[in-house]
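Trainee: After the sequence you'll find the predicted model.
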Amino acid sequence: MVLSWLKNKAVAARAGTADARGLIIFATVEEAMHAEKVLKKAGFDCKLVAPPPGMRKGCDLALEIDLVEQTAVARALTGRVSYMGIYPFKGEIELLQVEKVTWFTGHVMVKAGNMKLVFDRKTGVIVNISGGGCPDIPYLYTRLVGTHLEAAPRPRDEGRTLCALMLDRALEKALEIWKEAAST
Amino acid sequence: MLIAGTVPVTDMPLTFGRVEREGKNLRVDGYSLPCTQGTMAMVSAALATTSYLGLEPPRVLLAGDIGTGKGSRLIYQYLIEHIEELAPRVLALHYCLPIVTLMQKLYTAVEKYHPRAVLIADAGSMYAAKAAGVAPHFDIFTPDPSEIAFLADPEAVHPAYISRHLFEDAFARVPDLIKRAYANGGAAKCLLVKGAVDYIVKDGVIVDEIKEPDIPQMECIGGTGDTITGMVTAFAYAGLDPDQAASISAKANRAAGRRANPTPATSVAEIIDQLPGIFRESLCSWSGICTR
């Protein structure tokens, strides 16, 4: 049943998303148009739109993206097109910037948003990752768990979603704790 | 029972079948998958439960996806086009990229056939259901404290964008956040809010609180929330009301955690291995389900 259906869907159309959209704001219209070309070539679903009045930061053209793909979008633009920021259509303008740290006897858990990363206090090895709901998180679990904090791949480089971005923040904080402990 | 979700295997196509245990792994349609965090932890716990209850093993619809959304889209589209033919009594949606328009289409498809499936969502599918405005039509959500803050925030499209004040004291304010989630249309009919205290909520009213045994290390272990959702799905399939299924699952998860004597480095598979013993020991007294 699945195979026959797959044959008919060999090139499945990418479905658009609705409310979970974000905006990339640029300083110039030219940059916005260039970014659209870069992102479309890289396979992202995006379109040029007029930003709402409250979000106009220098031009009248923004790029609408799937906000969940923010991390990958930012990576695709880095070094190619400069932009002023990526923002959600709704909600707070700033991404959540809070980390919480829980100390266990032999481990430290760092929480950033909906993501948690745990490392061994003696060895610096990542022993667990929990939380999150996007499909790159189980993948990043397989990539990070068992590796040293300083050798671990960065979720912002290998992940694509906001969950990955939160996990990257947790890793960054964990690295800070690890390096501080090593220097004392 | 049908569980749909992605797995972190880059080249795995859309795969449908019944799941069976194969040593430490699960086998589905020729694929052997480890029981790690995510959809497979959920499926493993559901399988442990159905095995104990003597029910058919879960059917699963899986696809590889490491964040591109390719596998997630295949799952959504397949469900949308085949839901009537699949006719699940219980449909649980798990790790998928939140794609709002596809979630709306899926919900419309599910509503068309009768009897309608019991709808359960966790992880990215829960995010999509909330963002798509169909959360109140779902039967069960299983959020953690940061996710209930997300469900309570009418403006947030992802837990990374919840209001700072909602996130900072989410753990201490779960009952208030539950009220807000219902008031804002972000909650399912039944919620199991997982955390230091597990809150079972029915139509906006907290009907049970489970606090013991308290094992803080469980929060560290990737997949311990997924196991709860897997059990909830299986107990709902067994015919229990959502709130009863949620309550028993929360108790079983904690009891399994205690029996595994976990550290923050413990894997979720070690917790799941304890479930049959916990069911033998306590399920009859918790639920009246006395199969053995």
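Mentor: Yep, it's here.
Trainee: Just give the nearest non-adjacent residue to the closest residue to chain A within chain B, would you?
Mentor: Closest approach of chain B to chain A (C-beta to the nearest C-beta) occurs at residue B:67, with a separation of 2.8 Å. In this view, the C-beta of every residue, glycine as well, is placed from N, C-alpha and C. Once flanking residues are discounted, residue B:67 sits nearest to residue A:136: 2.8 Å by C-beta to C-beta, 6 or more residues apart in numbering or on different chains.
Trainee: For the closest residue to chain B within chain A, the count of nearby residues, please.
Mentor: For chain A, the nearest residue to chain B under the criterion C-beta to the nearest C-beta is residue A:136, separated by 2.8 Å. Other residues near residue A:136 come to 30 when the count uses other C-beta atoms under 10 Å in any protein chain shown.
Trainee: Now do it, the pLDDT please.
Mentor: Residue-level confidence at residue A:136 comes out at 91, pLDDT.
Trainee: Would you mind measuring from it to residue B:53?
Mentor: According to C-beta to C-beta, to the nearest Å, residue A:136 and residue B:53 sit 34 Å apart.
Trainee: How about residue B:86?
Mentor: From residue B:86 to residue B:53 the distance is 22 Å (C-beta to C-beta).
Trainee: Over to residue B:275?
Mentor: 11 Å.
Trainee: Neighbour count: those two, which is higher?
Mentor: Neighbour count, other C-beta under 10 Å: between residue B:275 and residue B:53, residue B:275 has more, with 25 against 18.
Trainee: starting at the chain centroid, how far to whichever strand or helix holds residue A:116?
Mentor: Following DSSP states H and E, one finds residue A:116 within strand A:115-120. With C-alpha atoms, centre = their mean, to the nearest Å as the basis, strand A:115-120 stands 17 Å off its chain's centre.
Trainee: in that strand, what counts as buried?
Mentor: A:115-120 (16 or more other C-beta atoms under 10 Å in any protein chain shown).
Trainee: got a list of contacts for it?
Mentor: Residues outside strand A:115-120 that contact it (C-beta atoms under 8 Å, 6 or more residues apart in numbering or on different chains) are A:106-110, A:125-132, A:137, A:144, A:149, A:163, A:166-167, A:169-171, A:174, A:178, B:219-220, B:264-265.
Trainee: 6 Å instead?
Mentor: A:107-110, A:126-132, A:149, A:166-167, A:170-171, A:174, B:220, B:264 (C-beta atoms under 6 Å, 6 or more residues apart in numbering or on different chains).
Trainee: from what I can see the residue of chain B closest to chain A touches residue A:157, true?
Mentor: No: Residue B:67 is beyond contact range of residue A:157, at 11.9 Å (criterion: C-beta atoms under 6 Å).
Trainee: When those two are compared, which one has more neighbours?
Mentor: Neighbour totals were compared for residue B:67 and residue A:157, and residue B:67 leads with 28 against 11 (other C-beta under 10 Å).
Trainee: Please name the residues that touch that one.
Mentor: Neighbour list for residue B:67: A:135-136, A:159-161 [criterion: C-beta under 6 Å, 6+ apart].
Trainee: from those residues, which is closest to residue B:129?
Mentor: Nearest to residue B:129 among those: residue A:135, at 15.9 Å, using C-beta to C-beta.
Trainee: What count of nearby residues applies to the closest one?
Mentor: Count around residue A:135 with other C-beta under 10 Å applied: 36.
Trainee: OK, contacts around it?
Mentor: Per C-beta under 6 Å, 6+ apart, neighbours of residue A:135: B:6, B:65, B:67, B:72, B:95, B:97.
Trainee: Grab the nearest non-local neighbour of residue 104.
Mentor: With no chain named, the answer covers chain A. Of all residues not flanking residue A:104 in the chain, residue B:264 sits nearest, at 5.4 Å (C-beta to C-beta, 6+ apart).
Trainee: switch to chain B, that's the one I care about
Mentor: Per C-beta to C-beta, 6+ apart, closest to residue B:104 is residue B:132, 4.7 Å.
Trainee: ok, now which ones touch that neighbour?
Mentor: Contact analysis of residue B:132 by C-beta under 6 Å, 6+ apart lists B:100, B:103-104.
Trainee: Where does residue B:106 sit: helix, strand or coil?
Mentor: With DSSP: H, G, I helix; E, B strand; the rest coil as the basis, residue B:106 sits in helix.
Trainee: right, and it touches residue B:77 too?
Mentor: No: Residue B:106 is not in contact with residue B:77 according to C-beta under 6 Å; the separation is 9.0 Å.
Trainee: Between these two, which is the more surrounded one?
Mentor: Between residue B:106 and residue B:77, counted using other C-beta under 10 Å, the more crowded position is residue B:106 (27 against 19).
Trainee: where does the more buried one land on pLDDT?
Mentor: Residue B:106 is given a pLDDT of 97.
Trainee: Can you name the residues that contact it?
Mentor: Neighbouring residues of residue B:106 by C-beta under 6 Å, 6+ apart: B:76, B:79-80.
Trainee: Could you pick out the buried ones from those?
Mentor: Buried members of the contacts of residue B:106, counted by 16+ other C-beta under 10 Å: B:76, B:79-80.
Trainee: Mark which of those residues are part of helices, please.
Mentor: Counting by DSSP state H, those place B:76, B:79-80 in helices.
Trainee: Now the terminal residues of stretch B:184-198, how far apart.
Mentor: 21 Å (C-alpha to C-alpha, to the nearest Å).
Trainee: Rounded mean pLDDT for it, please.
Mentor: The pLDDT scores in stretch B:184-198 average 96.
Trainee: Now it: buried residues?
Mentor: Neighbour-count burial for stretch B:184-198 flags B:186-195, B:197-198 (criterion: 16+ other C-beta under 10 Å).
Trainee: Looking at the residues you listed, which are in helices?
Mentor: Going by DSSP H, the helices hold none of the buried residues of stretch B:184-198.
Trainee: Where strands are concerned, which of those residues count?
Mentor: If you go by DSSP state E, the buried residues of stretch B:184-198 have B:190-193, B:198 in strands.
Trainee: so where's the chain uncertain?
Mentor: I went with chain A, as the question did not name one. Chain A contains residues with pLDDT under 70 at A:1-19, A:50-60, A:89-97.
Trainee: Please refer instead to chain B.
Mentor: Counting by pLDDT under 70, chain B contains low-confidence ranges at B:157, B:161-168, B:170, B:291-292.
Trainee: Which positions in it make contact with chain A?
Mentor: The interface of chain B toward chain A, taken as C-beta under 6 Å from any C-beta of the partner chain, is made up of B:6, B:8, B:14, B:16, B:37-38, B:65-67, B:72-73, B:95, B:97-102, B:123-124, B:127, B:131, B:146, B:155-161, B:163, B:167, B:220-222, B:264-265.
Trainee: Quick one, which of those are buried?
Mentor: B:6, B:8, B:14, B:16, B:37-38, B:65-67, B:72-73, B:95, B:97-102, B:123-124, B:127, B:131, B:146, B:156-161, B:163, B:167, B:220-222, B:264-265.
Trainee: Which ones among these lie within strands?
Mentor: B:6, B:16.
Trainee: Could you list which of the buried ones among the residues of chain B next to chain A belong to helices?
Mentor: Going by DSSP H, the helices hold B:72-73, B:100-102, B:123-124, B:127, B:131, B:146, B:167 from those.
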